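> Next one to model:
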Amino acid sequence: MKCPQYIQDALRKRAEFAERVFELDCIISDWLDKNGIDVDFEDVRGGCEIYVNPHESSQRVLQAIEEKESVK
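So this is what the prediction gives:
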């Protein structure tokens with residue numbers, strides 16, 4: 001079976017986006033570690049919540065950052 005062009009395009013884009021998500025996740029995870037901010041393991045370092053609940057995951061990480069800042 002010949003693979004339709006739109007499927008080929010979707011596969012290529014998915015791979016490119018996954019690489020970019022990984023790069024951004026490393027930046028975020030490294031910064032959190034450097035600043036001693038603890039978050040659930042599902043929300044960093046390739047955790048499943050990054051992919052299945054990206055908005056909620058981002059909110060939890062942001063909340064952890066804001067809570068850490070308010071302690072200082």
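> now the lowest-mean-pLDDT helix or strand in the chain: how far from the chain's centre is it?
For the chain, using mean pLDDT, DSSP states H and E, the weakest element among its helices and strands is helix 54-71, scoring a mean of 91. Distance of helix 54-71 from the chain centroid (C-alpha atoms, centre = their mean, to the nearest Å) equals 13 Å.
> in this structure, what spans have low per-residue confidence?
Confidence mapping of the chain against pLDDT under 70 gives the ranges 70-72.
> angle of the lengthiest helix in it against helix 54-71?
Once the chain is assigned using DSSP state H, the helix that runs over the most residues is helix 5-34. For helix 5-34 against helix 54-71, the angle by axes from the mean of the first three to the mean of the last three C-alpha atoms, to 10 degrees is 20 degrees.
> Can you identify the element that follows helix 5-34 toward the C-terminus?
On the C-terminal side of helix 5-34, the nearest following helix or strand under DSSP states H and E is helix 49-52.
> With only the CA atoms kept, save that following helix in CSV.
Taking only C-alpha atoms (Å, rounded to 0.1, in the frame of the first residue of the first chain), the coordinates of helix 49-52 have been written out as CSV:
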residue,chain,number,x,y,z
GLU,A,49,1.6,14.2,31.5
ILE,A,50,3.7,16.4,29.2
TYR,A,51,2.0,14.6,26.3
VAL,A,52,-1.4,13.5,27.5
